[in-house]
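J.: For reference, the sequence and a predicted model appear below.
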Amino acid sequence: MIKMIKVRHNNVVPMMALGVQQLKKDFKPKTLPTNLDETHQFLDRFYMSRIGIRMLIGQHVALHDPNPPPDCVGYIHTKMSPVEVARHASEDARSICLREYGSAPQIDIYGDPSFTFPYVPSHLHLMVFELVKNSLRAVQERFMDSDRVAPPVRIIVADGIEDVTIKISDEGGGIPRSGLPKIFTYLYSTAKNPLNENLDFESSDAVTMAGYGYGLPISRLYARYFGGDLQIISMEGYGTDAYLHLSRLGDSQEPLP
């Protein structure tokens, strides 16, 4: 029953994003309230408690699995290799980019594949997938009509004492400085609005390349859930670096809203 509850709510994030997009569409561009802090705070609280509930349900169900995967305690993989998870996530993002554009930039991963630490692989997969997807789209759209070969997206995994940091660098042209404060809000996306492409949300693979504007804020919530963080540093005219910090001290409290 608990498992079914979790499955039933799988598509809550895209559904909520759709609702936010429709809300934005209903506002005339001139009357879009400038002070949307309340909406963003509500969505932050809503998504953060959703991450917590899904973590609890997932952990409970996984602990009752008669054949748990090796080195796993429920959802937590005690010997997770961030390089391996990053490789899988970036392959997934690249296949979506290929499907959308017909080609995709290369992805180079730097880091020790044998380095492991305890974390929830599905959380890390989601965060890296979102960040790499953004980078691929930026590079692809910048170099699509150019004669130059698209530069690769670089993923660097650094093993620190307090943090494991994953840096995702692209040369996709960057974000203008005026847009930087908006990138972690739920009403902002640099991509075209997917509402115009009648999507069927009942299908489980409703993954679009971009456009809902929830990839970055949700990824940052996942990072903060275990005491980490996500920072975006951009050079307009060159590219963007995303720094994903994952805490490895194991002493962070659940940041409940």
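T.: Yep, that arrived.
J.: Excluding sequence neighbours, find me the nearest residue to Met235.
T.: Using C-beta to C-beta, 6 or more residues apart in numbering and skipping the chain neighbours, the partner closest in space to Met235 is Gly174 (4.9 Å). Backbone N, C-alpha and C define where each C-beta goes, glycine included.
J.: What is the neighbour count of the one you found?
T.: Applying other C-beta atoms under 10 Å, we find 20 other residues in the vicinity of Gly174.
J.: strand partners of the helix or strand that contains Ala158, parallel vs antiparallel please.
T.: Using DSSP states H and E, Ala158 maps to strand 153-159. Sheet pairing of strand 153-159 (DSSP bridges) gives strand 107-110 (parallel), strand 163-170 (antiparallel).
J.: What are the buried residues along that strand?
T.: Buried residues in strand 153-159, defined by neighbour count with 16 or more other C-beta atoms under 10 Å: Val153, Arg154, Ile155, Ile156, Val157, Ala158.
J.: swap in stretch 9-26?
T.: Val13, Pro14, Met16, Ala17, Leu18, Val20, Gln21, Lys24.
J.: What is the helix or strand containing the third one packed up against?
T.: Under the assignment given by DSSP H and E, the secondary-structure element containing Met16 is helix 12-26. Under the contact criterion of 3 or more C-beta pairs under 8 Å, 6 or more residues apart in numbering; DSSP states H and E, the helices and strands touching helix 12-26 comprise helix 37-63.
J.: what does whatever helix or strand comes next after the helix it packs on contact?
T.: Using DSSP H and E, the helix or strand that follows helix 37-63 in sequence is strand 72-73. Strand 72-73 has contacts (C-beta atoms under 8 Å, 6 or more residues apart in numbering) with Ala62, Leu63, Thr78.
J.: roughly how far is the least confident helix or strand in the chain by mean pLDDT from the heart of the chain?
T.: Ranked by mean pLDDT, DSSP states H and E, the weakest helix or strand in the chain is helix 12-26, scoring a mean of 83. With C-alpha atoms, centre = their mean, to the nearest Å as the basis, helix 12-26 stands 18 Å off its chain's centre.
J.: just stretch 85-92 next, same as before
T.: 12 Å.
J.: For that stretch, buried residues please.
T.: Buried residues in stretch 85-92, counting neighbours by 16+ other C-beta under 10 Å, are found at Val85, Ala86, Arg87, Ala89, Ser90, Asp92.
J.: Going through the contacts of strand 72-73, which ones are buried?
T.: Buried among these (16+ other C-beta under 10 Å): none of them.
J.: so can I have CSV of these showing pLDDT and distance to Gly215?
T.: Listed next are those as CSV, based on pLDDT from 0 to 100; distance: C-beta to C-beta, whole Å:
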residue, pLDDT, distance to Gly215
Ala62, 93, 25
Leu63, 94, 30
Thr78, 94, 28
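J.: Distance to Met48 added to these, as a markdown table?
T.: Formatted as a markdown table, these follow (distance: C-beta to C-beta, whole Å):
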| residue | distance to Met48 |
| --- | --- |
| Ala62 | 21 |
| Leu63 | 23 |
| Thr78 | 25 |
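J.: Cool, thanks, talk later.
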